[in-house]
Every structure is written in structure tokens, then in C-alpha cells.
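J.: Below are the sequence and a predicted model for it; my questions follow.
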Amino acid sequence: MRKSHSAIAQVEAAVDTAVDIGRGAAGSIRIGYGANAAITGMISTSIRRFRAEWPGVSLSLKEMPSNSVQDALISGEVDIGYAVATDVRITGANSKRIGQWHWMLALADDHPLSGQGAISVAQVLAESFAVYAEADGRSTTVGVMSSIPDMAPGHIHRTSHVTGLMAYVASGLGISFVPASMSVMNFPGVVFRPLAEALPPMEMYIFWRSDAGPAARNYVGLLDAT
């Protein structure tokens, strides 16, 4: 009799688990993201809200170059991806723009322009620049710089790490275009100043597969509700 009750309990538990998975209350979500998604606070805000609503779902995070997020989604490496994107090229999946930020200048705190208010692009045309570049060399920052007429910086330092970018700036080796979201971070020796001109903003997208499971659909649904 005890074995019978135990078997029934196991079946009921299995049924309950299947029901939870079917409605997205259980299971797992793998999230891929570029560094800017973490810096802007997009990931932390979304995950906190999701966990409060769906505590039974397991979440795992994987940082990767922003331009690799779409490929990781196509290959099935991740279920959801956050990325700065200028080329939304993915097929078999959905995308949604979830934020945009204007650009600012990051300068060493002893730079001649560090005490100024808004800085004109014309004032920095001849400067050396530090740019955040992915592992393959592609850079959203360089794309913005290329949109500026007569932009010909004397030298460009490339780095794939935000801390490295700020190290170049703080040491006075270059200035940098950065999204406004970075200005809330405290980097010793670095100040952030607004630009006098309006440049094309940095845009953040979330990507998810068209055949995403219930848990992933619930995650995206919470973003739609914001």
C-alpha cells in the first residue's frame, strides 16, 4: 500500500511539474548579453522583476560580444539575447527595441575641456580616442564617429573591456564617446560631459526565438508590460 501511495505521489508531482513547465512557471532561460546591457542596468532590472513573478524558473547569464548575440540565438546557445544593434538581421526570431541612450564624452579630469559644459564635436576632432570594440574589431562607437563630418582623430586605442576603456581615458591617452548610461558609474580620474550636437543614439534590443518556450515568452511579456 505504501508503494502504491508513493507511486501516486510521484505521478502527481510529475504532472504538477509538467503543468508548471507548460505555463512557464518552471524550467530555465539562458540569457546572452553584451557588456552595455549590463552597464545600462537593463538585465538586472528585467531579471529582478521576472524572478519576483516567476521564482521557479532558473536563469543563467553569459556575457559575449554584442555582435555575437544574434548568432548565439540562432545556434540555440541562448534563449534570449540583449545587444546593441545597428543591423537587426536575425530570421526565425523576434526583436524589440527596449532602450536608447544619447552619447557623452568621457575625459580625464585634468583634460583642458573637463571643466566645460557641453562640448562641441569640432573641439575634439583632432583628439586621440579610446573606443570600445568587440573581439572582431567592430565597434558601435566607431560607427558613431564615422557619422561625424571631418572626424579624423589622431590615434585610436581599441579595447574590448569597459575597464580598459576607462583606463585609457583616466590616464589621458584618449577621450571616448560613451552612452549616457555610463555617466552614473564612478571611474577615478574620469569625468563625463554632454555633447553640444545630437548624434545617432545607441540602441538596445532584446532578441528571442520565434519558437521560444513558455518561460522565455513570459520573460519577454514582462518587458512588454513595462
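T.: Arrived safely, thanks for sending.

J.: residue ranges with poor pLDDT in this protein?
T.: Applying pLDDT under 70 to the chain flags residues 1-24, 85-90, 134-154, 224-226.

J.: Which parts of it are strands?
T.: Using DSSP state E, the strands assigned to the chain run over residues 27-33, 57-63, 80-84, 93-101, 103-108, 129-132, 156-159, 176-179, 190-194, 202-209.

J.: now the fourth one against strand 80-84, angle please.
T.: What it means is strand 93-101. Counting by axes from the mean of the first three to the mean of the last three Cα atoms, to 10 degrees, strand 93-101 lies at 40 degrees to strand 80-84.

J.: how does this protein divide into domains?
T.: Split into domains by automatic domain parsing, the chain comes to 2-99+203-224, 103-200.

J.: ok so, going back, can you tell me which of the strands of the chain is packed in deepest?
T.: Highest mean neighbour count among these (mean count of other Cβ atoms under 10 Å): strand 80-84, with a mean of 26. Where C-beta positions appear, they are placed from N, C-alpha and C, glycine not excepted.

J.: still on that earlier bit, closest one to A72 among the strands of the chain?
T.: Smallest distance to A72 across the strands of the chain (Cβ to Cβ): 4.8 Å, for strand 27-33.

J.: Relative to that closest one, what are the paired strands and their orientations?
T.: strand 57-63 (parallel), strand 80-84 (parallel) (DSSP bridges).

J.: Spit out the contact partners of T91.
T.: By Cβ atoms under 8 Å, 6 or more residues apart in numbering, the contact list for T91 reads I74.

J.: cool, and V169?
T.: Going by Cβ under 8 Å, 6+ apart, V169 touches A106, L107, A108, A130, I175, S176, F187, G189, V190.

J.: wait, A108 sits on A170?
T.: Yes. In this structure A108 lies within contact range of A170 using Cβ atoms under 8 Å: 5.8 Å.

J.: Give me the common contacts of those two.
T.: Taking Cβ under 8 Å, 6+ apart as the contact criterion, the common neighbours of A108 and A170 are G189, V190.

J.: who's in contact with A198?
T.: By Cβ under 8 Å, 6+ apart, the contact set of A198 is H102.
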